[in-house]
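Visitor: Return a 3D structure for these sequence lines:
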Amino acid sequence: MLSDQVILTFFFSLVLVFIYTNVLFRKTSLFKIRKWRTLFPKILLINIVCFTSVALYFNFQYGYITDDKNYFIGALKYKQGFFNIKNGNDFMFYISRPFREYFDFDRASFHILWGAMGYMGSLNFLYVLSKRIDFSSHLQNRDQLIKFYSLLCFPNFMVWGRIYGKDSLALFLVSVYCIGAYQLLTGPKIRFRAILLVAIPVLLLYNLRAHIAAVAAVGLLAGLFFRSINSKRYYNANSAIFFKFIIPAALALLFVIGSIYSLQRLTKKESVSMSDVQKSLSNATNMGASGGSATEVAENSKEDPNIIFSSKQVAINIFMLLFAPMPWKIRGFADALAFFSNILLLLLVIRFGKRIDLTDVFQKYLLVVCGLLIILLSFMTGNVGLILRQKTIILPFLFLLLFSTKLKNGPKSSPNRHNIPKLDYHP
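Guide: Numbering: from 1, shown residues only. Below is the predicted model of the structure:
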């Protein structure tokens with residue numbers, strides 16, 4: 001029987017999602033056009049039914065849902081402050097503790113609240129896409145529907161992106177960061193609000209998942225670098241030198257510093273060496289190697305840890321990250337669902353991959369982020385369950401890269417300068 005806390009949390013989450021959706025999309029074509037506006041309640045219902053079904057299956061099958069019991073129990077035991085957080089588990093304990101102490105949350109209530117937060121993360125990515133394509137066009141209605149459903153109802157999002165845990169929280173934080181990155185890279189001016197939308201999620205992600213935060217920071221620096229060298233607003237010779245040389249040099253320096261700091265967080269050492277990095281990546285590959293869903297690379301790396309650095313193995317790892325499990329490795333309902341999602345992903349890549357246009361700064365930024373995430377997370381393919389969870393962060397950026405099209409009537413800012421006559425300084 002459902003507790004009063006579960007019922008209250010459910011209705012609170014519904015109201016929260018309703019308000020958030022209306023505020024986020026009120027000025028977009030997705031709410032101005034009835035066809036799209038009426039889809040949101042249906043999409044929410046699909047998410048509720050699918051997520052609840054999978055969550056109940058996991059709970060009845062295993063007695064828990066991923067790491068929810070660990071976070072639920074550890075929330076009351078963790079007494080450290082924010083600045084004493086050492087890893088992602090500590091971060092989950094820290095933010096879960098108030099809900100247990102003051103609101104008497106049970107596990108189901110946490111899943112409902114985190115599910116709403118993960119869903120709002122998907123809405124944020126859809127909001128960015130609504131700025132990149134014209135949903136008011138009737139010429140590509142089928143493609144638009146595919147894009148709409150993919151960002152809100154892809155299986156990885158409705159499962160790992162909704163479950164109470166680090167994955168759904170990371171999805172939401174990364175989505176807020178993505179909105180800020182879009183505004184920084186495409187807006188005519190760099191605004192303080194956009195900086196906050198980028199900085200706060202990245203800082204929180206460093207406590208939750210440092211490697212994701214590192215990619216976010218480095219990817220944004222690369223995007224700002226592209227924006228700077230593509231800028232054509234040179235009013236005089238000094239302005240040209242500033243945009244062409246000083247800003248790119250400063251961003252390149254920040255890129256190097258950010259990369260070194262990221263490697264320090266990865267290796268957990270102040271001095272970074274290649275052997276330390278290789279050891280950390282090797283340990284990441286062996287995560288889950290003793291579990292029932294261990295992959296072949298996990299077993300091979302036990303005999304020869306250096307095998308994961310061969311070009312052949314890296315290619316295999318990337319393929320496994322995107323498309324594991326293989327059909328002959330399916331063991332049950334969860335694996336079958338994962339295999340079905342891989343088929344969908346392959347069809348989406350085939351359908352939209354040939355339309356990728358890299359003349360836009362934001363597209364170049366997305367390509368950098370996708371590349372960094374795929375390469376880094378490919379070293380965490382020692383366990384199929386871990387692959388499915390890690391892939392949740394890659395997919396929204398990959399979908400934005402696949403689904404975005406060249407803006408014919410986009411903002412007349414430097415990232416979209418290819419849409420208007422180019423201006424330059426001529427001494």
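Visitor: Give the residue spans of this protein that score low on pLDDT.
Guide: Within the chain, the ranges that satisfy pLDDT under 70 run 1, 231-310, 381-383, 405-427.
Visitor: What separation do you get for the nearest residue to residue 227 once chain neighbours are set aside and residue 129?
Guide: Nearest residue to residue 227, sequence neighbours excluded (Cβ to Cβ, 6 or more residues apart in numbering): residue 361, at 5.1 Å. Placement of C-beta: from N, CA and C, glycine included. Distance from residue 361 to residue 129, counting by Cβ to Cβ, to the nearest Å: 16 Å.
Visitor: which of the two has more neighbours?
Guide: Taking neighbours as other Cβ atoms under 10 Å, residue 361 and residue 129 compare with residue 361 leading, 25 against 22.
Visitor: from memory the more buried one sits against residue 184, does it?
Guide: No: contact criterion Cβ atoms under 8 Å: residue 361 and residue 184 do not qualify, at 10.2 Å.
Visitor: Now do the contacts for the spatially closest residue to residue 68 that is not a sequence neighbour.
Guide: Spatially, and ignoring its direct neighbours in sequence, residue 68 is nearest to residue 164 (4.9 Å; Cβ to Cβ, 6+ apart). Counting by Cβ atoms under 8 Å, 6 or more residues apart in numbering, residue 164 touches 65, 68, 71, 107, 110, 111, 113, 114, 115.
Visitor: now do 7 Å
Guide: Neighbouring residues of residue 164 by Cβ atoms under 7 Å, 6 or more residues apart in numbering: 68, 71, 110, 111, 114.
Visitor: Inside helices: which ones of the residues you listed?
Guide: Applying DSSP state H to the contacts of residue 164, the entries found in helices are 68, 71, 110, 111, 114.
Visitor: The fourth one and residue 54 touch, don't they?
Guide: No: Residue 111 is not in contact with residue 54 according to Cβ atoms under 7 Å; the separation is 10.9 Å.
Visitor: Give me the more crowded residue out of those two.
Guide: Under the neighbour definition other Cβ under 10 Å, residue 111 and residue 54 were set side by side, and residue 111 has more, 24 against 20.
Visitor: tell me the SS of the residue lying closest to the more buried one once chain neighbours are set aside?
Guide: Spatial nearest neighbour of residue 111, chain neighbours left out: residue 164 (4.5 Å); criterion: Cβ to Cβ, 6+ apart. With DSSP: H, G, I helix; E, B strand; the rest coil as the basis, the three-state label of residue 164 is coil.
Visitor: Pull out the buried positions in the host helix or strand of residue 316.
Guide: Assigned by DSSP states H and E, residue 316 belongs to helix 311-323. Neighbour-count burial for helix 311-323 flags 313, 316, 317, 318, 320, 321, 322, 323 (criterion: 16 or more other Cβ atoms under 10 Å).
Visitor: Could you do stretch 2-12 as well?
Guide: Quick answer for stretch 2-12 (16+ other Cβ under 10 Å): 5, 6, 9, 10.
Visitor: Restricted to helices, list those residues.
Guide: Reading helices off these with DSSP H, I get 5, 6, 9, 10.
Visitor: which of the residues you listed lies closest to residue 199?
Guide: Checking these against residue 199 by Cβ to Cβ gives residue 9 as the nearest, at 29.9 Å.
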